[in-house]
Each structure stands twice: as C-alpha cells, then as structure tokens.
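Participant: predicted model and sequence follow; I will ask about them next.
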Amino acid sequence: PNGGFPQVYPLVGGYHDAITLNDDAMEHIVELLRDISVRKAEFAFVPATLAAEAGRRVERGLQCVLAMQIRAADGQLAIWGQQNDPLTMRPCAARNFEPISACALESSHLLRFLMTVPNPSPEIAASVEVGVKWITRMAMHDVAPNRDDTKGNGLVSRPGAPLLWARFYELGTGKPLFGDRDRTIHYLFGELSNERRKGYGWYGTGPVVALEAYKAWRK
C-alpha cells in the first residue's frame with residue numbers, strides 16, 4: 001500500500017520481502033508502470049483504465065522512494081539503502097554480507113531515475129539535489145580497488161584514476177562498511193575472508209552516472 005515492491009512475489013519471507021532497490025528492482029518496476037501509463041508504442045494494447053491505474057501506482061512508487069531516503073543524524077537527507085523494511089521503510093539487511101547501510105551504487109541509479117521524471121515536484125528536485133551532493137562529497141580521488149589487500153582498506157594509490165565509491169556506508173557516520181558470510185561487519189577491507197574480498201564489488205565507479213546525468217538535469 002505504501003508504493004514499495006519486494007524482491008519477489010508472492011512473498012517468501014526473509015530479506016526477499018523487503019522493498020528492494022538492490023539491482024534496481026523497484027526502479028525497473030516503476031519505469032515499466034510509467035511506460036504503461038503513457039501507453040508507449042509497445043503497450044498500446046493496454047486498456048485505458050489499466051494504464052490510468054498504472055499511472056497512479058507510479059505516483060505511489062515515487063512517494064515511497066522519497067519516504068525511504070535516509071535522514072542523517074542531523075535530520076538532513078542523504079541517500080538510500082539497498083533494502084527497506086516494508087513497514088518502517090527504514091534500511092534493513094539482506095544477505096549475510098550485506099549489512100544495514102546506505103548504498104552508493106543503487107542510490108546513484110535511483111537518482112538518475114528521478115532525474116527522468118518530467119516536471120519534477122519540489123520534493124523530487126530536493127531529493128535529487130541532496131543525493132547528488134552526498135555522492136559528490138563521498139567520492140574518492142586518485143585511488144583504485146585492490147582485492148589482494150589483506151591488511152588495509154582495499155585501496156591502492158593511482159593518480160588520475162576514475163572517481164571511486166564504497167558499496168556500503170554506515171548510517172550516521174558515513175564510514176565504508178564490509179560484511180562477511182558469517183554476518184560479521186568490518187570497517188577494514190583486509191579483515192574479510194579471501195572469498196568475500198574477491199567475490200563482491202565492495203568498491204565501484206558506478207555512481208558517476210548520477211553526476212553526469214545531473215549536469216544536464218540541472219540546466
């Protein structure tokens with residue numbers, strides 16, 4: 001009823017029932033509903049009444065996205081988590097190595113999606129502005145990932161390297177977080193098991209898409 005979508009349906013329990021931004025799941029659903037609502041060419045067969053209902057669900061989904069945006073300790077908006085509790089709409093954990101956190105990658109994709117909303121409301125515009133500022137502030141310069149690092153933060157100096165972000169950030173502090181299969185949470189990349197160090201994308205350049213889209217959107 002709040003406009004969110006779980007990872008799978010019918011509900012199966014566990015983190016699958018959470019409102020899922022991971023892998024852009026909810027974003028893609030709302031995009032689909034939007035295409036149906038305006039009856040794009042491939043959806044011309046959809047009855048007008050159903051298309052209108054899809055439009056109402058798009059609005060509900062957008063309101064859900066705004067409601068799930070994380071507020072920092074000082075009350076200021078930040079970004080989003082990978083999964084959100086369907087009742088409280090607060091970030092929640094998923095797989096053992098995916099802790100409660102703010103997630104830079106999915107948030108950047110969500111920001112890019114919000115920038116495609118025509119004639120955005122002041123609330124949507126403010127959400128984008130705040131999210132892009134957060135992404136900009138958290139960008140790391142002149143470093144690259146090092147999956148072989150067993151002692152440090154998993155980074156190596158590389159002048160001129162593309163902007164880089166951690167996948168997860170601790171709520172409140174903004175510290176990068178790393179999780180292992182035994183559900184332990186670490187601030188230091190090198191403390192992870194070898195399998196998790198090399199089997200998950202703890203760092204990435206993906207959020208740059210939000211910064212690129214913002215340049216055109218802001219105009």
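Facilitator: Sure thing, it's come through.

Participant: give the contact list for Q69.
Facilitator: With contact set as Cβ atoms under 8 Å, 6 or more residues apart in numbering, Q69 has these partners: 77-80, 127, 130-131. Backbone N, C-alpha and C define where each C-beta goes, glycine included.

Participant: chain neighbours aside, what residue packs nearest to it?
Facilitator: In space, not counting the residues next to it along the chain, Q69 is nearest to L77; the distance is 5.2 Å by Cβ to Cβ, 6 or more residues apart in numbering.

Participant: isn't that neighbour right up against I70?
Facilitator: Yes - L77 is within contact range of I70, at 7.2 Å (criterion: Cβ atoms under 8 Å).

Participant: burial count for A144?
Facilitator: A144 has 16 neighbours, counted by other Cβ atoms under 10 Å.

Participant: hang on, I meant M26
Facilitator: Residues lying near M26 (other Cβ under 10 Å) number 26.

Participant: any idea how far R57 is from it?
Facilitator: Computed as Cβ to Cβ, to the nearest Å, the M26 to R57 distance reads 12 Å.

Participant: list residues touching both of these two?
Facilitator: By Cβ under 8 Å, 6+ apart, no residue touches both M26 and R57.

Participant: coming back round to it: show me what the residue nearest to Q69 is bridged to.
Facilitator: R71 (DSSP bridges).

Participant: got a list of what it touches?
Facilitator: Neighbouring residues of L77 by Cβ under 8 Å, 6+ apart: 69-71, 126-127, 130-131.

Participant: got a pLDDT number for D74?
Facilitator: D74 is assigned a predicted lDDT (pLDDT) of 70.

Participant: element containing it, please.
Facilitator: Counting by DSSP states H and E, no helix or strand carries D74.

Participant: average pLDDT for stretch 77-89?
Facilitator: Taken as a whole, stretch 77-89 carries a mean pLDDT of 94.

Participant: report the buried residues of that stretch.
Facilitator: The neighbour-count check on stretch 77-89 (16 or more other Cβ atoms under 10 Å) flags 77-86, 89 as buried.

Participant: same for the top helix by length along the chain, what does it pack against?
Facilitator: Longest helix of the chain, by residue count under DSSP state H: helix 48-68. Applying 3 or more Cβ pairs under 8 Å, 6 or more residues apart in numbering; DSSP states H and E, we find helix 48-68 packed against helix 25-37, helix 104-114, helix 122-138.
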